[in-house]
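*Asks:* Based on what follows, work out the 3D shape:
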Amino acid sequence: MDATLAFPLLVGLIGIALFFDFLNGLHDAANSIATIVSTRVLRPQYAVMWAAFFNFIAFLFFGLHVAETLGKGIIDPGIVTPLVIFSALIGAIVWNIVTWLFGIPSSSSHALIGGLVGAGLASTGFSSIVWTGLLKTVGAIFMSPAIGFFLALLLVLLVSWIFVRQTPFAVDRTFRVMQFISASLYSLGHGGNDAQKTMGIIAVLLFSQGYLGSEFYVPFWVVITCQAAIALGTLFGGWRIVHTMGSKITKLNPMQGFCAETGGAITLFAATWLGIPVSTTHTITGAIIGVGAARRVSAVRWGLAGNIVIAWFITMPAAAAISALSYFAIDLFF
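*Replies:* Purely as a prediction, here's the structure:
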């Protein structure tokens, strides 16, 4: 394809990718702020500004390993065309909007990965899939919430033991301050892992069109633009999902909110450094359930948690199906 002729299409596709990144921030704002809002440490309007700031500066703290995984570790970069990228984004965006409208905290990350897989399969079949990267990501579906659960559970038990002689008022006052730190760390992890997924999509699109030369890399302007888009989406919040994450699963106090955010942040930091595109939604949900279970098993609304888990399992296949249908429809008519 002639690069000059493709340029307007390329700009349009980058715009769609950034729109997905914005939706990711909008959809996943709940992950960063649900606990700090539900514990009433920060008002919602201040919480989203706090989270958006740390979402934006996340690129200063992490490498671009997740972007590289998304760019060349899910489907073969050699089969990437504008139609493949467009179909993948349509699958992810449509699923994100559906789950946002119903207040379901599904994974934007796995919607995007499902979209890539669906478009790749529609394009060239199973030979398009990079199985090592895909299986690593699918494994993280199970591992990230489990790790978040156990870390948050252990933190609650440890903190409860350390502060056993403190009055409830003193503990509450201490962790109202500490929650600013834990929310900041979680927002850094969210910005570091999630924004890189869109960076990978844009970078592989540029690479497929010959704009990056012979070697795949992520240009700095792509990094900044994607961090800004996800931060802007976070500023607009995701109040339907904030309510589900912050209060419907289990009631939280500041100490529990701190433990949930810290357990989730540790999980995200490790995954980002390892280049694994995990779901921030899965991670914080597992951590919140772990905190609730530490208090007592009945403190968790397991029916709602079960519905969320079902949404996790169907996200990748649903986004893949929408993506593949989009590919076939556009290929047929245009």
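
*Asks:* my guess is I330 meets S87, correct?
*Replies:* Yes. Using CB atoms under 8 Å, I330 is in contact with S87, at 6.8 Å. Every C-beta, even on glycine, is put in place using the N, C-alpha and C of the backbone.

*Asks:* Between those two, which is the more surrounded one?
*Replies:* S87 (28 against 14; other CB atoms under 10 Å).

*Asks:* separation between that one and I16?
*Replies:* 11 Å (CB to CB, to the nearest Å).

*Asks:* L23 and G233 touch, don't they?
*Replies:* Yes. Contact status for L23 versus G233: in contact at 6.2 Å, counting by CB under 8 Å.

*Asks:* So for stretch 100-111, what gets flagged as buried?
*Replies:* For stretch 100-111, burial by neighbour count (16 or more other CB atoms under 10 Å) applies to W100, G103, I104, P105, S106, S107, S108, S109, H110, A111.

*Asks:* Strands - which of the residues you listed land there?
*Replies:* If you go by DSSP state E, the buried residues of stretch 100-111 have nothing in strands.

*Asks:* and I74, how far is that from S160?
*Replies:* I74 is 41 Å from S160, by CB to CB.

*Asks:* before we move on, what about Q45?
*Replies:* For Q45 relative to S160 (CB to CB), the value is 32 Å.

*Asks:* Compare neighbour counts for those two and give me the winner.
*Replies:* Neighbours were counted for Q45 and for S160 using other CB under 10 Å; S160 has more, 15 against 11.

*Asks:* check contacts around that one.
*Replies:* Contact analysis of S160 by CB atoms under 8 Å, 6 or more residues apart in numbering lists M255, A294.

*Asks:* 10 Å - rerun?
*Replies:* Shown in contact with S160 (CB atoms under 10 Å, 6 or more residues apart in numbering): V171, M255, Q256, C259, A294, R295.

*Asks:* looking at it, the first one is touching C259, isn't it?
*Replies:* If I follow you right, that is V171. No. With contact defined as CB atoms under 10 Å, V171 does not count as touching C259 (11.9 Å).

*Asks:* overlap in contacts of these two?
*Replies:* V159, S160.

*Asks:* Compare neighbour counts for these two and give me the winner.
*Replies:* Relative neighbour count places C259 above the other of V171 and C259, with 31 against 18, counting by other CB under 10 Å.

*Asks:* JSON lines for the buried residues of stretch 100-111, including pLDDT and distance to L121?
*Replies:* Listed next are the buried residues of stretch 100-111 as JSON lines, based on pLDDT from 0 to 100; distance: CB to CB, whole Å:
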{"residue": "W100", "pLDDT": "74", "distance to L121": "26"}
{"residue": "G103", "pLDDT": "69", "distance to L121": "30"}
{"residue": "I104", "pLDDT": "70", "distance to L121": "25"}
{"residue": "P105", "pLDDT": "64", "distance to L121": "27"}
{"residue": "S106", "pLDDT": "73", "distance to L121": "21"}
{"residue": "S107", "pLDDT": "78", "distance to L121": "20"}
{"residue": "S108", "pLDDT": "79", "distance to L121": "21"}
{"residue": "S109", "pLDDT": "81", "distance to L121": "19"}
{"residue": "H110", "pLDDT": "84", "distance to L121": "16"}
{"residue": "A111", "pLDDT": "89", "distance to L121": "16"}
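
*Asks:* any idea which of the residues you listed is closest to L64?
*Replies:* S109 (15.6 Å; CB to CB).

*Asks:* Next up, phi/psi of the spatially closest residue to the closest one that is not a sequence neighbour, please.
*Replies:* Of all residues not flanking S109 in the chain, S279 sits nearest, at 4.9 Å (CB to CB, 6 or more residues apart in numbering). Dihedral angles of S279 (phi, psi; degrees, to the nearest 10) stand at phi -90, psi 120.

*Asks:* Next SSE downstream of the helix or strand where F258 lies?
*Replies:* When elements are assigned from DSSP states H and E, F258 belongs to helix 254-274. As assigned by DSSP H and E, the chain's next helix or strand after helix 254-274 is helix 280-295.

*Asks:* Show me which residues of the helix or strand just after that following helix are buried.
*Replies:* Remark: after helix 280-295, the chain's next helix or strand is helix 302-333, criterion DSSP H and E. Buried residues in helix 302-333, defined by neighbour count with 16+ other CB under 10 Å: 305, 308, 311-312, 315-316, 318-327.

*Asks:* Which elements pack onto helix 302-333?
*Replies:* For helix 302-333, the elements it packs on are helix 82-101, helix 108-124, helix 131-162, helix 280-295, judged by 3 or more CB pairs under 10 Å, 6 or more residues apart in numbering; DSSP states H and E.

*Asks:* Could you check the angle it makes with helix 280-295?
*Replies:* Angle between the axes of helix 302-333 and helix 280-295 is 170 degrees (criterion: axes from the mean of the first three to the mean of the last three CA atoms, to 10 degrees).

*Asks:* Scan this structure for its longest helix.
*Replies:* helix 168-208 (DSSP state H).

*Asks:* where's that one relative to the chain centroid, distance-wise?
*Replies:* 10 Å (CA atoms, centre = their mean, to the nearest Å).

*Asks:* Tell me what angle it forms with helix 254-274.
*Replies:* Interaxial angle of helix 168-208 relative to helix 254-274 (the same axes, to 10 degrees): 20 degrees.
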